[in-house]
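A.B. asks: next come a sequence and a model predicted from it.
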Amino acid sequence: MESQYFVRKASGLVREFGATDLILIASAMVFGLVFTTTQFPWFYGFNPGANLALSLLIAGVPFVLLMLVYWVIGVIMPRSGSDYVWVSRVFHPSIGFAWSFLYMFAVFVTAYVGGLSAFSYALSIAVTMWGLLFSNPGLVDMGNFLSSPTGAFYIAIGFTAIFAVLAVFGARLIKGLLYLSWGAAILGIALMWYLLGTTNPAAFAAKWNAVMVSYPTYEALQKAATTAGWTPPTGGLVAVLGALPLASLFLFGGNYGGNVIAGEVKNVRKTVPLALFLSLILGIVYWSISGFLTLNAVGENWFYSVAYSWEVAPASYALPFPPSQPLLLSVIAYPSAILLALIFLTYFFGSVQILFVYFWVPSRYFFAWSFDRIIPTRFADVSKRFHTPHIAVSAMTILSVIILGLYAFTSWSTAFTIGTFLWGVAYVIPALATIVFPYTKKDLFEQAPEFMRKKLAGVPMISILGVLCSIAFAYMGYIAYTNPLITSPTLTGIGIAVGILAACFVVYFASLAYHKRRGLDIEMAFKELPPI
């Protein structure tokens, strides 16, 4: 009788990803070349004087708690959409479905759609710089087109189509993409660190004034920011603490890919914690070094002031593109055509794996919801040849096209700035489930890592961990929501979030009623783990 509650007796997915694969996937979601495009001006524009490395170390404490929570989830319930499986089995299936859909949606819009927007910036800047440096108006025009909403939309649709094909054709192509793209990314990171480490503010200012002749000088940009209200920062601990909510955004994602695809991972008891903690450590190291070198290369106060103009006082910002890392590196690399080409190629190919992972992973939620019969069972179909949920991937592709269109041609990007807040505060729910888990799932509790089963004053360590994690991310969510520099709540954005939750509850109970009329109580499935 048990097997009838699920779509079939086996998931149909195959455990094809090992420890190295999962480390690459988890790391891709924390750091990469594409995220440098606007992360630094965003962070330093809002937090001038803040020490990024120290902010990351302090912000890393709640993320250690989060990684411990997701270690438990991945080890005890290693299934596709494992945090959905966790919340739905510990609390209630309707809560698990509504929470996971909103979480998936917020991450997808913020990381994939927002990442593709940053990617179009990087490409357009590279092409524009080639046009400026080699006096080619055609390239300048192409760069301007790529940075326009239409150009950015075309780029996004092209990559989405390619990603959909890769996701359908399976693990071999996905692994090939991961390894090749990471190879390009490592080369790009080495090149970035080399260029930044071998220049100084005086040399950069001279090159800026020589190359960017159609735009304000190095000195004029800082003067414009000063006129708009920017003042040299004092820094210190106050600046570091004020920067924590934005610093935490550098660390989001490492837990996402590693656990959502846990049903396709070999030896999860060792692989999952290794990927979780390595991605966190590597992320802190990568962002700290890159931020330090950037400020040293172009000048701290200059970068603070230009970032301030771009983010806080846009009326004073005279450039048609963001003060992004590709722009800074292109100026430093001038007049070497070889270095300029390497910057372009490494940013292009070294960013693909990150964007792909953020497109690919959400399809596993569609698969998991379908396997539990909450949404139509066709979404759980798996290709017998490639062992991939091709219908779920197709659904993700359609969703991508719709959201990308809204993002490019409407005010969507402004309306859903609440997405970054939702991403962080969403972690409170699985943390709360971790608190009550030992008391509601005593049989599964025995599968937790040994040190998490120990008790302190009669309370399991796993529950104490859940308390600390839920408090940490609830507080970080509060700071993010109440800081207008991070989140700009709008009625539309709030309405979208509330609408998604309401619609999910309606879908769940409609599905429950539909199956009951046919003699099947799907809630019985949630008393068990889905089959492997």
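C.D. replies: Ah, there it is. Just so we're clear, the structure is a prediction, and the values are computed from it rather than from any experiment.
A.B. asks: avg pLDDT for the helix or strand containing Leu468?
C.D. replies: In this assignment (DSSP states H and E), Leu468 forms part of helix 461-482. For helix 461-482, mean pLDDT rounds to 88.
A.B. asks: what about the chain, any weak spots by pLDDT?
C.D. replies: For the chain, residues meeting the criterion pLDDT under 70 lie at 1-3, 412-417, 483-489.
A.B. asks: quick one, strands of it?
C.D. replies: Counting by DSSP state E, the chain has these strands, from start to end: 455-456, 459-460.
A.B. asks: run through the neighbouring helices and strands of the helix holding Leu468.
C.D. replies: In terms of contacts (3 or more Cβ pairs under 8 Å, 6 or more residues apart in numbering; DSSP states H and E), helix 461-482 is packed against helix 52-76, helix 244-249, helix 418-425, helix 428-440, helix 450-453. In short, each C-beta sits where N, CA and C put it, glycine included.
A.B. asks: let's go with 10 Å and repeat that
C.D. replies: Helix 461-482 makes packing contacts with helix 52-76, helix 244-249, helix 418-425, helix 428-440, helix 450-453, strand 455-456 when contacts are defined by 3 or more Cβ pairs under 10 Å, 6 or more residues apart in numbering; DSSP states H and E.
A.B. asks: show me the one of these that comes nearest Lys527.
C.D. replies: With Cβ to Cβ as the criterion, Lys527 lies closest to helix 428-440 of the helices and strands packed on helix 461-482, at 11.1 Å.
A.B. asks: just the angle for the closest one relative to helix 461-482, thanks.
C.D. replies: Between helix 428-440 and helix 461-482, the angle comes out at 160 degrees (axes from the mean of the first three to the mean of the last three Cα atoms, to 10 degrees).
A.B. asks: in helix 428-440, what's buried?
C.D. replies: Across helix 428-440, burial judged by 16 or more other Cβ atoms under 10 Å covers Val428, Ile429, Pro430, Ala431, Leu432, Ala433, Thr434, Ile435, Phe437, Pro438.
A.B. asks: only alpha carbons, please: show that helix as CSV.
C.D. replies: Taking Å, rounded to 0.1, in the frame of the first residue of the first chain, the C-alpha atoms of helix 428-440 are listed here in CSV:
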residue,chain,number,x,y,z
VAL,A,428,14.4,30.2,9.8
ILE,A,429,11.8,27.5,8.8
PRO,A,430,14.1,24.5,8.4
ALA,A,431,16.0,25.7,11.5
LEU,A,432,12.7,25.6,13.5
ALA,A,433,12.0,22.1,12.1
THR,A,434,15.4,21.1,13.4
ILE,A,435,14.4,22.1,16.9
VAL,A,436,11.3,19.8,17.0
PHE,A,437,12.7,17.0,14.8
PRO,A,438,14.2,14.8,17.7
TYR,A,439,10.8,14.8,19.4
THR,A,440,8.6,14.1,16.3
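A.B. asks: who are the packing partners of that helix?
C.D. replies: Packed next to helix 428-440, using 3+ Cβ pairs under 10 Å, 6+ apart, are helix 52-76, helix 82-90, helix 93-107, helix 442-445, helix 450-453, strand 459-460, helix 461-482.
A.B. asks: go with 8 Å
C.D. replies: Looks like helix 428-440 contacts helix 52-76, helix 82-90, helix 93-107, helix 442-445, helix 461-482 (3+ Cβ pairs under 8 Å, 6+ apart).
A.B. asks: how about those helices, which one is nearest Leu529?
C.D. replies: Evaluated over the helices and strands packed on helix 428-440, closeness to Leu529 peaks at helix 82-90, with 6.8 Å, by Cβ to Cβ.
A.B. asks: circling back: just send the helices and strands packed on helix 461-482 back as TSV, with distance to Asp521 too.
C.D. replies: TSV is the format used below for the helices and strands packed on helix 461-482 (distance: least, Cβ to Cβ, whole Å):
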stretch	distance to Asp521
helix 52-76	25
helix 244-249	41
helix 418-425	32
helix 428-440	20
helix 450-453	33
strand 455-456	36
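A.B. asks: of all those, which lies closest to Leu173?
C.D. replies: helix 52-76 (24.4 Å).
A.B. asks: and the closest one, which residues are buried?
C.D. replies: For helix 52-76, by 16+ other Cβ under 10 Å, it's 52-56, 58-60, 62-63, 65-76.
A.B. asks: closest to Tyr407 out of the helices and strands packed on helix 461-482?
C.D. replies: Judged by Cβ to Cβ, the one of the helices and strands packed on helix 461-482 that comes nearest to Tyr407 is helix 418-425, at 10.8 Å.
A.B. asks: quick one: closest of the helices and strands packed on helix 461-482 to Tyr478.
C.D. replies: Per Cβ to Cβ, nearest to Tyr478 of the helices and strands packed on helix 461-482: helix 418-425, 8.2 Å.
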